[in-house]
Structure formats: C-alpha cells, structure tokens
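Asks: Sequence first, predicted model second:
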Amino acid sequence: MVRLLVGLLSLLVWTMPSWAVTTRYVSTRGNDRNSCDTSQSPGASAKRTIDAGVACMAEGDTLIIEAGTYAETLGLTRAIPDRTTIQAEVARTVTLRPNNRNIDVVLLIRPSQRDITLNGLVFDGGSPGGARRSAFPIATDAATTPSTLSRNIHITNGKVTNGRHSGLLVVGTHWEVSGNEIFNNGTDSTFDHGVYWQVDHSTFTDNVVHDNSAWGLQNYSSAGFTPSDNTFLRNRFYNNGDGGMTVTSGNNHLVASNLIYNNFNADSGGLVILSTGRYYNNTVYGNTGAGIVACCDTVLTSNHILRNNLVVNNRGGNLVGLGGATQSNNLTCDPGFVNAGAGDFHLTAGSCAIDRGATLPAASPDFDGVPRVAPYEVGALEFR
C-alpha cells in the first residue's frame, strides 16, 4: 500500500506543469535594467518596454502594461510564449504605435502559437496625427500553413486602427475577437478591409467595425485556407467603403443580431453571402448597394437559411438574388426606428417588426445582450 501511494504521488508530481505562474509589469516609469524578478512589481520596478517584459515571460504568465503609448511592436522581434496573457492595466489606455512605415506589423501571431490572450490593447499602425503607416496593425505570419495554424488566440476589448492596409489579416483556428473597435484602416477600396478573416471555428462578437477602406469584414481566403464554422454575433458595421461584411468562403456559419448600415459601394451590399449557414435577426439598413445579396450570381440552396432579418431602405434593393435559399420572417417594411440617422435601431411602439419573428435560440440574446422572448422581434433588437 505504501509503495502504491508513493507511486501515485510520484505520478502527480510528474504530471504537474513545470512552470510557475507569475504576473509581471511594464510601465513608462519602469526601466529595462530592472531584473525579471523585480518586474513582478508595478511602477518604477517594472520593465520599461513591452519587448523586455515579454522576454521575462514563461508559459502561464500574465504581463500587465500600465497606461501609455509604446513605440514598439509585439511578437515581431520575439515570439509571445504560449498560454500567456498580455493586458492593459486599464482597457484601451495602452497604445502600441511604432510610427514607422518600415514596420509592417504591430502585433504578429506566429505559426502554431496557441492559448494567447491580448486584452484591452490599442494596436495603432499610424502616426500621432493618424496617418496610416504600418501595413497591418494585426497579422499572422505569412509562413503559416494549414498544418501550422495558430489556435485559441483571444483579442478582446481593444482597438485596431490606422493600418495602411487591413486592420486584421489573420489565419488560424478557434480564435476569439470580441469587444473591439476596428476603424480607419486601409488606403485601397478593393483590398484593404477592416478584417480579412481566414480563421475557422472562431467567434467574432460585440465589435464595432467602421470607416475602413474596403469591407468591414471579409470572411474569405484566396490562400488555401478554409474559414468555415465561424460565428458573427452582435457586431456593428457602418461607413465601410466596399460593404459591411461578406461571407464567401467556407460553410456552416452563424451570422446573427448584427447591425449593418450606411456602407458604401453601389455594386456591393451590406451583407453579401455565398457560404452556407444561418443568417438570423440582422438589421441591414441604408446601404448604398443591396441589403442582403447573393454573391457572384450564385444560386443559393436550402442550406442558406435566412430568417428574422430586417432589411430596409437599401438603395440597391433589400433582399436580392436569394432564390433557392430557405427564407422566412424577413421584413422590408418601415419599422419605425428610434433614430436610424444616429445609428439607433431600437424599435418604437407599433413597429411592424414586433412579435413577427420565428423563435431562433441561436439569435438570442439580441444586439444589446438582452435575452429574446418568444415571439421574437424581427431584426437585431428586441422591443422594450
């Protein structure tokens, strides 16, 4: 019995993680000559640069960055260790801005990296005056292949702005991008998007995507990746040059409870679809092109399921080229928004969209995070 217990204890010790979980700090009041041990305290004891802070990290560590603007990159000169968290002490008070046109990427995710959380950081590819200098605020390494995808990367509660090209140019699997503002990226109205999304089995939720040169978000790959099984919930897309979002690669997506409005390009649309999936409870309004439109003269199938969408006042038509798709409870009537001109798409009393929707649990909660109650409203927002 004693030998058995000793053997079990030995097994437990052998299988325990070999790293110690440590919190470290970076501060504009710090000094890179401080030791890694010293940097476990904030303020003057911290490291001065993010790169020096990352150099001290091991698997399981957290790096907390105090408020300030840091003229540097992340993940470019040294890889971020797996299973780590890098976060702003206070969300959106930490800006990474290299302010250098010769630096292409502010945040680089390398092949096969995994389990990295980046929370509350501002990735700024521009100058202090807003000129777009770095090509991509966030990108994955061009050497990534379908067999070396990064996995479980979480980019949350930050900002992505002023890229000379796309704000995010990413491939991977099981990513989470949520709670970010992604804006003012790109100089080319065809190729420079807010988000070029080539990831699969991933979530893109609660983001605000606006004023990018081409698409707000393009779920597409021309590089051999298959961006399938993605979930896009409760995002706001507006004032993007080519359209709100296009979902034209991969299949089996969920696109629900998004606000897509006032995007430009008469030859495009607010929401352009080719991929199969569930398109539920989106509000699509006032786009220069069509509202929801099938891409590329494609004949849709019963696996393209469009329900409870409120599609109104789009200059190129509201529901265009959707023959063959499974459709129900979509409305194009004037719903009486509170103030569409100011981006307030809540419904007013007596709206034609109240209690007109099918019950679709995948679309709950609504855009505001409020659980839907049957019978559902049509569109992104429940009436209350």
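Replies: Right, received. Where do you want to start?
Asks: Buried residues in stretch 321-328, which are they?
Replies: 321-322, 325, 327 (16 or more other Cβ atoms under 10 Å). Quick note: C-beta positions are derived from backbone N, CA and C, even for glycine.
Asks: The regular element (helix or strand) spanning Ile260 packs against which elements?
Replies: Taking DSSP states H and E as the definition, Ile260 sits inside strand 259-261. Packed against strand 259-261 by the contact rule (3 or more Cβ pairs under 8 Å, 6 or more residues apart in numbering; DSSP states H and E) you find strand 236-238, strand 243-247, strand 269-273, strand 283-285.
Asks: ok, now how distant is Val106 from Asp141?
Replies: Distance of Val106 to Asp141, computed by Cβ to Cβ, to the nearest Å: 14 Å.
Asks: These two: which has the busier surroundings?
Replies: Higher neighbour count among Val106 and Asp141: Val106, with 32 against 18, using other Cβ atoms under 10 Å.
Asks: residue contacts, the more buried one?
Replies: Shown in contact with Val106 (Cβ atoms under 8 Å, 6 or more residues apart in numbering): 73-74, 96-98, 123-125, 134, 136-138.
Asks: and after whichever strand or helix holds it, which helix or strand comes next?
Replies: Here Val106, judged by DSSP H and E, is contained in strand 105-109. Later in the chain than strand 105-109, the nearest helix or strand by DSSP H and E is strand 114-119.
Asks: Could you point out which residue ranges in the stretch 1-150 of the chain have low pLDDT?
Replies: Where the stretch 1-150 of the chain drops to pLDDT under 70, the residues are 1-20.
Asks: what ranges do the strands span in it?
Replies: Remark: strands assigned in the stretch 1-150 of the chain by DSSP state E, counting those that start in this stretch are 23-26, 62-65, 68-70, 84-88, 94-96, 105-109, 114-119, 121-124, 136-140.
Asks: what's the angle from the helix or strand just after the last one to strand 105-109?
Replies: Looking back up the chat, that one is strand 136-140. Note on strand 136-140: by DSSP H and E, the next helix or strand toward the C-terminus is strand 151-156. Between strand 151-156 and strand 105-109, the angle comes out at 140 degrees (axes from the mean of the first three to the mean of the last three Cα atoms, to 10 degrees).
Asks: before we move on, back to that, list just the nearest of the contacts of Val106 to Gly167.
Replies: The shortest approach to Gly167 among the contacts of Val106 belongs to Pro137, at 5.5 Å (Cβ to Cβ).
Asks: Can you tell me the closest non-neighbouring residue to that closest one?
Replies: In this structure, Pro137 finds its nearest non-sequential neighbour in Phe123, 4.0 Å apart by Cβ to Cβ, 6 or more residues apart in numbering.
Asks: dump the residue contacts of the one you found.
Replies: By Cβ under 8 Å, 6+ apart, the residues touching Phe123 are 96, 106-107, 137-138, 158-161.
Asks: possible to save these as CSV with distance to Ile86?
Replies: Compiled in CSV, those are given as follows (distance: Cβ to Cβ, whole Å):
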residue, distance to Ile86
Leu96, 10
Val106, 13
Leu107, 10
Pro137, 15
Ile138, 13
Gly158, 11
Lys159, 15
Val160, 15
Thr161, 18
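Asks: Give me the distance between Arg110 and Gly129.
Replies: Noted for Arg110: a distance of 31 Å to Gly129, by Cβ to Cβ.
Asks: who's more crowded, these two?
Replies: Legend: neighbour count by other Cβ under 10 Å for Arg110 and Gly129, higher for Arg110 (15 against 7).
Asks: Report the contact partners of that one.
Replies: Arg110 neighbours (Cβ under 8 Å, 6+ apart): 75, 79, 140-141, 144, 150.
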